[in-house]
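**Student:** I'd like to go over a predicted model; first the sequence, then the structure.
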Amino acid sequence: MSIPKDIRTTNGRGRVYDSILDTIGDTPVIRVNNLGPKDVDIYVKAEAFNPGASVKDRLAVNIIEAAERDGTLKPGQTVVEATSGNTGIGLAMVCAQKGYPLVVTMADSFSIERRRLMRMMGAKVILTPRAEKGIGMYKKAQELAEKHGWFLARQFETEANADIHSATTAQEILSDFKDKRLDYLVTGYGTGGTVTGVGRILSKERPEINIVLSEPANAQLIGSGHAQERNANREPAVSHPAFEPHPVQGWTPDFIPAVLQEAVDNDYYNDLIPIAGSDGVAWAIKLAQSEGILTGISGGATFAVAMAIAEKSEAGTVILCMLPDTGERYMTTPLFEDIAEDMNADEIAISHSTPNHRMG
Ligand code: PMP
C-alpha cells in the first residue's frame, strides 16, 4: 500500500518510557488561530497533555521524589493530602506507580469526576463539608497525618512545588520561546506553584516578559491587599476575609498559600487582573468550539484574561496563556451545564430529514 504524498506523518518520540512518570511535562505550546485580534499572536500551554491531564502531575511527582530523596517518606508509608482534585489525581497516579497508599481529603463541592478518578487509581477519598471550605479539608488532612503517622504532602507550603515549575515549566517556556518574542505570560493561582516557580526563572532570564496573574473577581485575595494570617509553619491561621465561593475549581483557595506568598513578596508578576467565573466558562466553551482545545474553567478564565490583554495590545504582541487541565474533568459542573445530553431541535430535524433509523 502506498502512503498518500500529503498525508501527515509522525516519527515516534525516539525513546521508550520506563514509567508513566517519565511522561510528565514537556507539554506543547499551541497557537490559537481562530479567536482574538488577527495581528496578535496568542499561544496556550496545554497542561492536559500530562498523563494525569493536569499541571499538578508535575508537583505530585516532585513532592513524592523530594521526600524520597530527603528520607521524610518511608517505603510503603501512606501519603495524605488536602486537594481540590488535580493534585489528588496526580498523587494517585504517582502513588499507584511507586506503591504508596494515598488518602485524599476533599470538600464535597468539587466535581464527582475528580473523586472517581482518584478512586480509580486506588486512592481513598475522604469528603469534608463544603461549608468548612479549603481550611476544613486542609485541617482534616493534618489531623489524619498526626493521628496515623502518615506523610502529609503540604502542597501549599512545600518548596517541592515551585521548585518543579522552575525546573520544568519555566525551562520549557525558555526553550520553546528561545530567540522568539514573548510579551505576556498569563496564569492564575491555586497553590501559586506555577507563578512562583516560573516567575523565579523568567524574571531573571527573560525580564521583558510581563507575567500577569489572575484571580476570581468575587474572591480577590491578593487584590484586596489584606495580608494572610499564618501560624509558625506558614500555614493559614484563618480564612481570608476577601474569599467567597467561586466556580473556578483549582484556583484561589480561601487563604493565600505560602507558596504564592513568595511571588507576592518578590514581585514575580507585573499585573493582577481579576476575572469573573462566568467569563471563564464562556471562554472555555469558545476555545473548545473554535479551536478544538478542551480546557477546564481555570483554563477558560486564564484565556479570558489573555484575550482582554490581546484586545488592548499593539500589532505583533505575543501572549502565552497557561491552560492547567482538560475540560473532560468538568462534565458535572457549570462548564457543561448548557451542553445537552439529548438531541436538540436541530439534531432532531437532521434525524427526520431521512426516513429510516429514527428515534421515535
Ligand atoms: N487550575 C486548576 C484546574 C488547578 O487544579 C490548579 C492547581 N490547584 C491551578 C489552576 C493552579 O495551579 P497552581 O497550584 O500551580 O497555582
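**Tutor:** Yes, it's here.
**Student:** Looks like S214 contacts T187 (just checking).
**Tutor:** Yes: under the criterion of Cβ atoms under 8 Å, S214 makes contact with T187 at 7.2 Å. C-beta: built from backbone N, CA, C; applies to glycine.
**Student:** quick one: common contacting residues for these two?
**Tutor:** T302 (Cβ atoms under 8 Å, 6 or more residues apart in numbering).
**Student:** The stretch 51-200 of the chain: strands as residue ranges?
**Tutor:** 79-82, 102-107, 124-128, 151-152, 184-187 (DSSP state E, counting those that start in this stretch).
**Student:** can I get the ones you listed in JSON lines with mean pLDDT?
**Tutor:** As requested, those are exported to JSON lines (pLDDT from 0 to 100):
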{"stretch": "strand 79-82", "mean pLDDT": "96"}
{"stretch": "strand 102-107", "mean pLDDT": "95"}
{"stretch": "strand 124-128", "mean pLDDT": "96"}
{"stretch": "strand 151-152", "mean pLDDT": "98"}
{"stretch": "strand 184-187", "mean pLDDT": "98"}
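**Student:** mind checking which of those is nearest the ligand?
**Tutor:** Closest to the ligand of the strands of the stretch 51-200 of the chain is strand 184-187 (Cβ to the nearest ligand atom; 7.3 Å).
**Student:** now the closest one, how far from the chain's geometric center?
**Tutor:** Centroid separation for strand 184-187 versus its chain: 14 Å, with Cα atoms, centre = their mean, to the nearest Å.
**Student:** So is it next to the ligand?
**Tutor:** No: using Cβ under 6 Å from any ligand atom, strand 184-187 stays clear of the ligand, with a minimum separation of 7.3 Å.
**Student:** just to revisit the earlier point, so for L144, which of the strands of the stretch 51-200 of the chain sits nearest?
**Tutor:** strand 79-82 (5.2 Å; Cβ to Cβ).
**Student:** Which positions in that closest one come out as buried?
**Tutor:** 79-82 (16 or more other Cβ atoms under 10 Å).
**Student:** Same question for stretch 195-211.
**Tutor:** 195-203, 206, 209-211.
**Student:** Let me know the secondary structure of S214.
**Tutor:** Assigned by DSSP: H, G, I helix; E, B strand; the rest coil, the conformation of S214 is strand.
**Student:** All further residue positions should be reported with the first residue as 4.
**Tutor:** Happy to do that; since the first residue is 4 now, the last one works out to S217.
**Student:** That one: neighbour count?
**Tutor:** By the measure other Cβ atoms under 10 Å, the count of residues near S217 is 30.
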